[in-house]
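Visitor: How does the following fold in three dimensions:
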Amino acid sequence: MAYRLVNKIQQFNFQINRVLTYGEMAGHETEIIQATKGIKTLDDWFDAWVCLGKKAECEGRWLHAAYSYRMAEFFLTGGRADKQEMYDKSIELFYRGFDHLGISYEVRDIPYKGTKMHTVYLPAQKEKRILLMCGGYDSFIEEFIVGVLDFLDAGYSLVFYEGDGQGKTLQEGLPFIHNWEEPTQCILDAYEITSCALIGISWGGYLALRAAVFDKRITAVAAYDVLENGMDIMLNVFPSLLKRLVGGAIHQGRQRLVNKLVGFAMKKSLLAQWAFTQGMHITHTKTPFEFYCKLQLHTLEPIAEKITQDVLLLAGEKDHYIPKEQFEKARAELINARSLKARMFTVEEGGEQHCQIGNHKLAIDEIVGWLEQIEDR
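Guide: Take a look at the predicted model:
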């Protein structure tokens, strides 16, 4: 599998490839490409994926339908009834698909902050270690499971969890936070884990490294991919001039100007409108300025030197979400890691995209090899 140019709109193309990267487990390649290559609007996107989902569901292709409904849900803004409908259908069908494949799992809702946190445990037949896995900005855990089954084959049992602002935990009313040690410590206690590795996917690259600072039961941490500064990610959505203007206004505390500039961008771009609407939804903020103030807390710089575990940093040289400068900055900041391995995947390898979409097995193999290396040591 390789990253494909299916749709000319970058954001659409990446999300299409997120499904294609899992091969036939997630959908029929030709069917998906034919249905999505001409999409130009968010309405077109929704209609195309719903159509794919209904067809797959009627044919008993449960995981294909689950991924289709997940994609239909993805660009819908919070609060829409059809967003909840797509989420519910997707989750139901993911588990029907897991059952059909004979994947062993246990769903556990853990008491947390007066409500509950959603987790899924997947046991390896011959367990040699437990891995914690978390997603990032607006993910939910079921969509990752088929992509990491190789960990089970390698003897690693998996505990997936949705912390504040993710999946079902967001629906329980808990907004996205920077201090990821809170949900992580809860999971470690609930599962009675005394030693584990933690893998953070996408924005989870920051979240996992943050959690490792505050809990040494985490003995190794992998950023898949690395994220050093969250606010820079959400500034990176703008053209260079607007990026400088918004960034300068934020640092000067000019709330009205930030809101005006972002509002202008949202009127010009449906994808920008979605990105900020969704961002304010998961962080429970009311304005772009408040949203950016929350994101300013998502930074490794003041805490990186406190990370003393074994660390793996992954990145793709053509990642359109995370500037590759963040890879170098994070590597330079981790001065007290017990060991540090950093890998930038290239176009030639086919792993140049965010989270190595198009050839995600490169990253999985790298993580498994790294885990075995530090265990042998």
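
Visitor: in the lowest-mean-pLDDT helix or strand in the chain, what's buried?
Guide: Among the helical and strand segments of the chain, the one scoring lowest on mean pLDDT, DSSP states H and E is helix 270-283, with a mean of 88. Neighbour counts over helix 270-283 (16 or more other CB atoms under 10 Å) mark 270-283 as buried. All C-beta spots, glycine's among them, are computed from the backbone N, C-alpha and C.

Visitor: For residue 318, state which of those is nearest.
Guide: Closest to residue 318 out of those is residue 271 (18.7 Å), distances taken as CB to CB.

Visitor: wait, what's in contact with the closest one?
Guide: Neighbouring residues of residue 271 by CB atoms under 8 Å, 6 or more residues apart in numbering: 9, 11, 42.

Visitor: go again using 6 Å as the cut-off
Guide: By CB atoms under 6 Å, 6 or more residues apart in numbering, the contact set of residue 271 is residue 11.

Visitor: so where is the stretch 151-300 of the chain shaky, pLDDT-wise?
Guide: Judged by pLDDT under 70, the stretch 151-300 of the chain has no weakly predicted residues.

Visitor: which stretches of it form strands?
Guide: 156-161, 196-201, 218-224 (DSSP state E, counting those that start in this stretch).

Visitor: Which residues does the first one contact?
Guide: For strand 156-161, the external contacting residues (CB under 6 Å, 6+ apart) are 119-124, 127, 129-134, 141, 151, 187, 191.

Visitor: These, buried ones only, as a PyMOL selection?
Guide: In PyMOL syntax, the buried subset of these is picked out as below (16+ other CB under 10 Å):
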select buried, resi 119+120+121+122+124+129+130+131+132+133+134+141+151+187+191
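
Visitor: Identify those among the contacts of strand 156-161 that sit within strands.
Guide: The members of those that map onto strands under DSSP state E are 119, 120, 121, 122, 129, 130, 131, 132, 133, 134.

Visitor: Lowest-confidence one in those?
Guide: For those, the weakest pLDDT value sits at residue 129, with 92.

Visitor: check contacts around it.
Guide: When contacts are counted by CB under 6 Å, 6+ apart, residue 129 touches residue 156.

Visitor: The same query, at a cut-off of 8 Å, please.
Guide: Contact analysis of residue 129 by CB under 8 Å, 6+ apart lists 155, 156, 157, 196, 197, 371, 375.

Visitor: which residues does the first one contact?
Guide: Contacts were defined as CB under 8 Å, 6+ apart; by that measure residue 155 touches 124, 126, 127, 128, 129.

Visitor: I figured residue 286 hits residue 279, correct?
Guide: No - shown here, residue 286 and residue 279 do not form a contact pair, counting by CB atoms under 8 Å, at 11.7 Å.

Visitor: mind giving me the domain split of this protein?
Guide: 10-100, 107-229+298-376, 231-295 (automatic domain parsing).

Visitor: I'd like the distance from the longest one to the chain centre, please.
Guide: Centre-to-centre, domain 107-229+298-376 and its host chain are 9 Å apart (CA atoms, centre = their mean, to the nearest Å).

Visitor: which other helices and strands contact the longest helix along the chain?
Guide: As assigned by DSSP state H, the longest helix anywhere in the chain is helix 81-101. Here helix 81-101 touches helix 42-58, helix 62-74, going by 3 or more CB pairs under 8 Å, 6 or more residues apart in numbering; DSSP states H and E.

Visitor: Recalculate using a threshold of 6 Å.
Guide: Counting contacts by 3 or more CB pairs under 6 Å, 6 or more residues apart in numbering; DSSP states H and E, helix 81-101 packs against helix 62-74.

Visitor: Just want the angle from the helix it packs on to helix 270-283.
Guide: Relative orientation of helix 62-74 versus helix 270-283 (axes from the mean of the first three to the mean of the last three CA atoms, to 10 degrees): 100 degrees.

Visitor: model confidence over helix 62-74, on average?
Guide: According to the model, helix 62-74 has a mean pLDDT of 97.
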